[in-house]
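> no FASTA, just this:
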Ligand SMILES: [Zn+2]
């Protein structure tokens, strides 16, 4: 396809703004382009890297092992585009569904499954998770830990397919930590154990995930959370502003009220956020003709072959025939 060159200076931003926090692309994975677009998004899976920051970032980036990585100081790095598949869950199952990578967003948190995390880091995780929940309509109880969805196949030592392959992200199931994350509920039981698809081999883990073991109360304080039946739990409508009720009926301070601040990355997301096609680029109809000085606004989007690019970071060398331009209709 012939590319149209337009000689206008362009700005290349390395960071994009997301609900007041900066998401850095410094560790964006080279694997990104090979990854398929995910067909559905039902869960957010929280992980702990079990390693120090530098090696964690390098490792997840080299292999494309998550969508976001959050450091102890609360910096958020985008590793894989959030609408593509990242390989974070491995052998996994939730309520009969296997290969959870195909249905989830994976967030790696630098730290350890049983160690306290700095508030700054938890606050960054809270904001990121809230944004993603509102975009995809994911309820609190579908924000899971890797240890909840990971399972092990039968092997020399285990006669059955089993739950308890790893404890990754375990602390995020504890009520005290969920309290800091403003997650008001968690799954009441393991649906695959209940249905006898899997057997529990790590009893301690099980009592953290579904029982009353919470080793972080001293640090973060007590929190009461609702127990939700994971089989009955449904995705919500993706909404921009759900007003969440606090435990005493007060409106929660959680940023679920923010309107979509994440940059849309798919045509579905553009539509959901009220964007419309305002023109199609041809040799004679350049972006400047179509949207004038708005050609490089952050709320002008360019779409070609399913790829969505915001105007403030697009390289004019990428303008080509057939590209659609999207803006919000006034
Ligand atoms: Zn993990």
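In hand now; what should we look at? Since we're looking at a predicted model, the values are computed, not measured.
> From now on I want contacts and neighbour counts done on CA atoms only, so please keep to that.
Will do.
> residue in the stretch 151-300 of the chain nearest to the ion?
Closest to the ion within the stretch 151-300 of the chain is residue 168: 4.7 Å, counting by CA to the ion.
> Distance-wise, check the residue of the chain most remote from its centre relative to residue 321.
Farthest-out residue of the chain from its mean C-alpha position, per CA atoms, centre = their mean: residue 284, at 39.8 Å. Between residue 284 and residue 321 the computed distance is 9 Å (CA to CA, to the nearest Å).
> Could you give the secondary structure assignment for the residue of the stretch 151-300 of the chain closest to the ion?
Using DSSP: H, G, I helix; E, B strand; the rest coil, the three-state assignment for residue 168 comes out as coil.
> Mind pulling the model confidence for it?
pLDDT for residue 168: 98.
> which residues does it contact?
Residue 168 is in contact with 47, 48, 49, 112, 113, 145, 146, 147, counting by CA atoms under 8 Å, 6 or more residues apart in numbering.
> run the last query once more with 7 Å
47, 48, 113, 146, 147 (CA atoms under 7 Å, 6 or more residues apart in numbering).
> ok, now residue 39?
Residue 39 touches residue 102, counting by CA under 7 Å, 6+ apart.
> and with 10 Å instead?
Shown in contact with residue 39 (CA atoms under 10 Å, 6 or more residues apart in numbering): 83, 84, 85, 102, 103, 104.
> so it is in which element?
Following DSSP states H and E, one finds residue 39 outside all helices and strands.
> likewise residue 106?
Assigned by DSSP H and E, residue 106 falls in strand 104-109.
> Mind listing what's buried along the helix or strand just after that strand?
Scanning forward in sequence from strand 104-109 by DSSP H and E, the next helix or strand is helix 119-136. Applying a neighbour-count criterion of 16 or more other CA atoms under 10 Å, one finds 121-136 buried in helix 119-136.
> repeat for stretch 44-63
44-50, 53, 56-57, 59-61, 63.
> quick one: which two of the buried residues of helix 119-136 are the most distant?
With distances taken as CA to CA, the most widely separated pair in these is 121 and 136, at 22.5 Å.
> Help me confirm that residue 321 comes into contact with residue 280.
Yes: counting by CA atoms under 10 Å, residue 321 touches residue 280, with 7.6 Å between them.
> okay, and the common contacts of these two?
residue 286.
> Give me the buried positions along stretch 292-304.
Within stretch 292-304, the residues that count as buried by 16+ other CA under 10 Å are 295, 296, 299, 300, 301, 302, 303.
> Let me have these in TSV, adding distance to the ion, secondary structure and pLDDT as columns.
Shown next, in TSV, are those (distance: CA to the ion, whole Å; DSSP: H, G, I helix; E, B strand; the rest coil; pLDDT from 0 to 100):
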residue	distance to the ion	secondary structure	pLDDT
295	41	helix	91
296	39	helix	89
299	35	coil	89
300	36	coil	93
301	34	strand	94
302	35	strand	93
303	33	strand	92
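> Report the contact partners of residue 280.
Counted by CA under 10 Å, 6+ apart, residue 280 has contacts 286, 287, 290, 302, 303, 320, 321, 322, 323, 324, 325, 326.
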